[in-house]
Structures are given as C-alpha cells and as structure tokens.
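[1] what's the 3D shape of this:
(one chain, ligands or ions: 1)
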Amino acid sequence: MGIEFGGKHEPPRILTTLGVPLLALTLFGCSSSDTPTPDQPTRPGLELVQNPSKINFASYDFSPVIILPPDYEVYDFTAGYDENRERHSDFGIGRFNEKRPGMYITDQFGGIRDIHMGLDIGAPVGTPVHAFFDGEIYTFGYNPDEGDYGNVIITKHRLDGVDLYALHGHLSADSITGLQVGQFFSAGSVIGFVGDRHENGNWNPHVHFQLSLERPITHDMPGVVSDENRADALQKYLDPRLVLGPIY
Ligand SMILES: [Zn+2]
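    Modelled structure (predicted):
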C-alpha cells in the first residue's frame, strides 16, 4: 500500500530538503538534533523505496516531471479502473508496482499483464513535461495501438556512472516533432507535453513515467508486467519516487 503524502507537495525541493539530512546522517553521524521540526516535511515512505542500483539518489537534486498543485489526488486502481469515477483534481498520481486487475484488456497485454511498472501523473492536455535531470534524447516515436503509449520519448541519464533510462509515454504529437536522438537537455527543461486521447493511446490525459536500468531496444518498455515477471521487473524498473520524491 502506498502512503498518503497529505497533499503538501513541494516538487522542486523535496529531494533536496529531505536528501540533505539523510546524507548528513550517513556521512557525519548526526545526532537526534536533526529530527525534522514541525514546519519541515517528513519523509513518508521514501525509506521504503527499494533501490537495487548503485545510484545514490539522495545525493542528487532532481526536477519535477510535472509541476503538481497541492491538491492532486493519489489514485487507487487495485479494484480496477472506473472511467466515470469522481475526480477531485485535474492532477493525480497512479502508483508504481500496483496490481490493476481488469485495466489492461487490449490484445497487447495478453490478459495477464496488469502490474504497473511506471508512475502515472495525470494532468490536463498540454501540460509541460520536464526532464527530471540532465540527459539526452535516447529515442522517441509513436506507438499507435489502442492502450499503447501513443507518442513516447525515452531519455538517457548518467548517475554515479550508471546509465538510467526514463520513458515518458502518452505525450502529444508535437512533443516529438523536430526532436533529434542525442539532443542534450538540462534538468527542468521542457521535453514534451501531455497528449490528448487521439495521440496518447486513447487514455485520460497523463504521462506514464518509467525508469529503467536496462537499455531499451526501441521506443517502448513493458509498462505493465505479469505476476510471474514482477520480481525480475523490479530489478530493472526502479521506483520513480527515487527521482520524483515521496509524492505518495
Ligand atoms: Zn502508466
């Protein structure tokens, strides 16, 4: 189960604010005087995020992929997907490593892949999508099938000597127009925009953000996996909260 973050989200600063005490604790053995005061955010859930890589994520300062308002929702798709559910915000988070029965019914999922290996960020069509870190365009394209990613960009980043890939799915068509493989960008740069149904695989507008230690072959990654493949998948598809912070 995810841990609610209480709606007090400070996207650009969470990892910085929270990473520094953690680092200090690790490197200098600080005492209990470092206990957060009431006006500082605590770190709900982040210590629960598994990191099978050699990357020390807490030592980096990452940018938010979507700038979220304070009142965003955290969705629960464990009982399936209700297209007509009541929404309380235009923005919302779909959780990583969540089993979503009945949500992936088109042929490509084979009826058995329903464990989500990315993190969804629901936002209005046209919302800018930012690079979480310095990097380059690794690949991009259009996956046109119903239920697929639509327009997708995969970026490549290097952290602590490790190559890390990030898929951004369900983007608008103009996100990939004029893009070039190998193009460099810095953290926080706008690399795309949230797409509409006709260009995003026919989903409600959102970005599927997925981290991979494995080099993708093309502009694709399995966004959901079967029970059987879950353990293996969790070794290569990292929890996006490692770079997005404890947004749930
Ligand atoms: Zn997704």
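
[2] spit out the contact partners of Gly147.
    Under the criterion of CB atoms under 8 Å, 6 or more residues apart in numbering, the neighbours of Gly147 are 104-106, 108-109, 201-203. C-betas here are computed from N, CA, C, even on glycine.

[3] just those now: which is nearest Pro64?
    Nearest to Pro64 among the contacts of Gly147, counting by CB to CB, is Trp203 at 20.9 Å.

[4] just the buried ones among the contacts of Gly147, please.
    104, 109, 201, 203 (16 or more other CB atoms under 10 Å).

[5] so which of the residues you listed is the closest to the ion?
    Trp203 (8.3 Å; CB to the ion).

[6] just checking, that closest one touches His170?
    Yes - here Trp203 reaches His170: they are 5.7 Å apart, a contact under CB atoms under 8 Å.

[7] so, low pLDDT: which residues of this protein?
    For the chain, applying pLDDT under 70 flags the ranges 1-47.

[8] any chance you could map the helices in it?
    Under the criterion DSSP state H, helices of the chain are mapped to 14-28, 230-236, 241-244.

[9] thinking again about what came up before, which neighbours do Trp203 and His170 share?
    Gly150.

[10] what's the burial count for the nearest residue to Phe184 once chain neighbours are set aside?
    Counting by CB to CB, 6 or more residues apart in numbering, Phe184 lies nearest to Glu136, which is 5.0 Å off, once chain neighbours are set aside. By other CB atoms under 10 Å, 15 other residues sit near Glu136.

[11] which bits of the protein sit near the ion?
    Residues of the chain found near the ion (CB under 5 Å from the ion) are 118, 120, 208.

[12] now those in CSV, with neighbour count and distance to Asn84?
    Formatted as CSV, those follow (neighbours: other CB atoms under 10 Å; distance: CB to CB, whole Å):
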residue, neighbour count, distance to Asn84
Gly118, 26, 24
Asp120, 25, 18
His208, 26, 21
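
[13] export these to TSV and tack on distance to Gly92?
    What follows is the residues of the chain next to the ion, written out as TSV (distance: CB to CB, whole Å):
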residue	distance to Gly92
Gly118	14
Asp120	8
His208	13
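
[14] quick revisit: hey, what's the residue nearest to Phe184 bridged with?
    Residues in a beta bridge with Glu136, per DSSP bridges, are Lys156, Phe184.

[15] that one is in contact with Gln180, isn't it?
    No - if you go by CB under 8 Å, Glu136 and Gln180 don't touch, sitting 9.7 Å apart.

[16] would you pull up the residue in this protein closest to the ion?
    His208 (3.5 Å).

[17] excluding its backbone neighbours, what's nearest that residue?
    With CB to CB, 6+ apart as the criterion, His208 has its nearest non-adjacent residue at 3.8 Å, and that residue is Gly169.

[18] okay, now the one you found: neighbour count?
    Neighbours of Gly169 using other CB under 10 Å come to 28.

[19] and for the nearest residue to Asp227 once chain neighbours are set aside, the neighbour number?
    Sequence neighbours aside, Ile115 is the residue nearest to Asp227 in space, at 6.9 Å (criterion: CB to CB, 6+ apart). Number of residues near Ile115 (other CB under 10 Å) recorded here: 22.

[20] mind listing the strands for the protein?
    Counting by DSSP state E, the chain has strands at residues 73-74, 92-94, 115-116, 119-122, 128-130, 135-143, 150-159, 162-171, 184-185, 190-193, 206-212, 224-225.

[21] neighbouring strands - and their directions - for the last one?
    It stands for strand 224-225. Sheet partners assigned to strand 224-225 using DSSP bridges are listed as strand 115-116 (antiparallel).

[22] just how off-centre is the partner strand within its chain?
    Here the centre of strand 115-116 is set off from its chain's centre by 13 Å, with CA atoms, centre = their mean, to the nearest Å.
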